[in-house]
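> Pasting the sequence and the predicted coordinates here, then a few questions.
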Amino acid sequence: MSSNYQFNELRQFTIIAHRGDSASAPENTFTSFDLAIEKGFDNVELDVQLTSDGVPVVIHDATLDRTTDGTGPVSEISLADIRRLDAGGWKDPAFKGERIRTLEEVLERYADKLRLHLELKSREQGLAEKVAPLLRAHGLLDSSPLEYEAPGLTITSFAIEQLFRSRQVMPEVRHGWLLNAITPTDLKLADQIGLAGIYPKASFATPESVLAANEARLSVRCWGIGDSEDALQMAFDSGATGTTVDWPDRAREMLA
Ligand code: G3P
Ligand code: CA
């Protein structure tokens, strides 16, 4: 299975299933990741943060309210209690019974199949340190350095301090910085920290900024497509190598 959908002889553009196939299934769940795989995608994005007892779990929001039947901050609930929550019914009653997964469970199921674009979502100081041994145990610290090859790992974050810490504990892994628009200052900082990529919001991705990043030896992929086909087209036209998108199969059809 190849993740690189070649749309013409010169250009490859990789679609990353954002929180899995999150338009069709509850985000960041086994069902969402399985559906992406069934549809032929082997690059998947996921969000990681810590429970109150310091266990990395896969959930996007800082609070439980939107995507579970629980309430309150993720950082204030224990693993035992988060396991009891339903993480599917909010999307559709058919998904009731879906669970929030630990990173360990996700790695057990997918580490040998997918390239994981793992976002260090929270700003908790110990997050990278907690995640690193799990990734090592599943062979992902020695996986392919190629940007979209599966199995493999790219670590991302909006928090530059999180990337700095993560680079210290996992220097062998590709790291990319999520931000809005790319500025010359950002390029310098990314270089100083030793990042492999810089990841602008699609609506801010211009061919000029992508070229400047590439000249600084940083690869560019986009995020923030939302429901907009125009944003997807902008990401593609910018010269970026790929993007996360909630509706990977529709995006594939559109770009083809
Ligand atoms: O691909 C990165 C993207 O996931 C960042 O935005 O809010 O969906 O985590 P968010
Ligand atoms: Ca994310």
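Perfect, thanks for sending it. Ligands and ions are numbered 1, 2, ... in the order given.
> switch to C-alpha atoms for all contacts and neighbour counts from now on
Noted.
> ok, the residue lying closest to L79 once chain neighbours are set aside to G126 distance?
If you skip the residues right next to it in sequence, L79 has T51 as its closest partner in space, 6.0 Å away by C-alpha to C-alpha, 6 or more residues apart in numbering. T51 sits 12 Å away from G126, taking C-alpha to C-alpha, to the nearest Å as the criterion.
> circling back: just confirm the residue nearest to L79 contacts D81, I think it does.
No. Using C-alpha atoms under 8 Å, T51 makes no contact with D81, being 9.6 Å away.
> Tell me which of the two has more neighbours.
Under the criterion of other C-alpha atoms under 10 Å, the comparison of T51 against D81 puts T51 first, with 20 against 10.
> shaky segments in the stretch 151-256 of the chain?
Per-residue confidence for the stretch 151-256 of the chain (pLDDT under 70) gives no ranges below the cut-off.
> what are the C-alpha coordinates of the helix or strand containing R252, in PDB please?
With secondary structure defined by DSSP states H and E, R252 is part of helix 248-255. Taking C-alpha atoms only, helix 248-255 is exported to PDB below (Å, rounded to 0.1, in the frame of the first residue of the first chain):
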ATOM      1  CA  PRO A 248      -9.400  11.800   2.900                       C
ATOM      2  CA  ASP A 249     -11.300   9.900   0.200                       C
ATOM      3  CA  ARG A 250     -13.200  12.900  -1.100                       C
ATOM      4  CA  ALA A 251      -9.800  14.800  -1.100                       C
ATOM      5  CA  ARG A 252      -8.200  12.000  -3.100                       C
ATOM      6  CA  GLU A 253     -11.100  12.100  -5.700                       C
ATOM      7  CA  MET A 254     -10.900  15.800  -5.900                       C
ATOM      8  CA  LEU A 255      -7.200  16.000  -6.500                       C
END
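> buried ones in that helix?
Along helix 248-255, these residues count as buried under the neighbour rule (16 or more other C-alpha atoms under 10 Å): 248-249, 251.
> Of these, which is the nearest to A202?
Out of those, the one with the shortest distance to A202 is A251. That distance is 13.8 Å, counting by C-alpha to C-alpha.
> hang on, the earlier thing: find the residues that touch each one of T51 and G126.
Where contact means C-alpha atoms under 8 Å, 6 or more residues apart in numbering, no residue is in contact with each of T51 and G126.
> and the gap between the residue nearest to R217 when sequence neighbours are not counted and L135?
In this structure, R217 finds its nearest non-sequential neighbour in A196, 7.7 Å apart by C-alpha to C-alpha, 6+ apart. Distance from A196 to L135, counting by C-alpha to C-alpha: 18 Å.
> who touches the residue nearest to R217 in this structure?
For A196, counting by C-alpha under 8 Å, 6+ apart, the contacting residues are 174-176, 217-219.
> Which of the residues you listed are buried? Put it as a ChimeraX command.
Here is the ChimeraX command that selects the buried residues among the contacts of A196 (16+ other C-alpha under 10 Å):
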select :174,175,176,218,219
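> next one: stretch 214-221 to chain centre, how far?
Counting by C-alpha atoms, centre = their mean, to the nearest Å, stretch 214-221 is centred 18 Å from the centre of its parent chain.
> can you list the residues that contact that stretch?
By C-alpha under 8 Å, 6+ apart, the surrounding residues in contact with stretch 214-221 are 187, 191, 195-200, 210, 213, 235, 240-243.
> Most neighbours among these, please name it.
Using other C-alpha under 10 Å as the contact criterion, the top neighbour count among those goes to A235, which has 30 neighbours.
> Spell out which helix or strand contains that one, please.
Following DSSP H and E, one finds A235 within helix 229-238.
> what's that helix packed up against?
The contact analysis (3 or more C-alpha pairs under 8 Å, 6 or more residues apart in numbering; DSSP states H and E) places helix 229-238 against helix 207-215, strand 242-245, helix 248-255.
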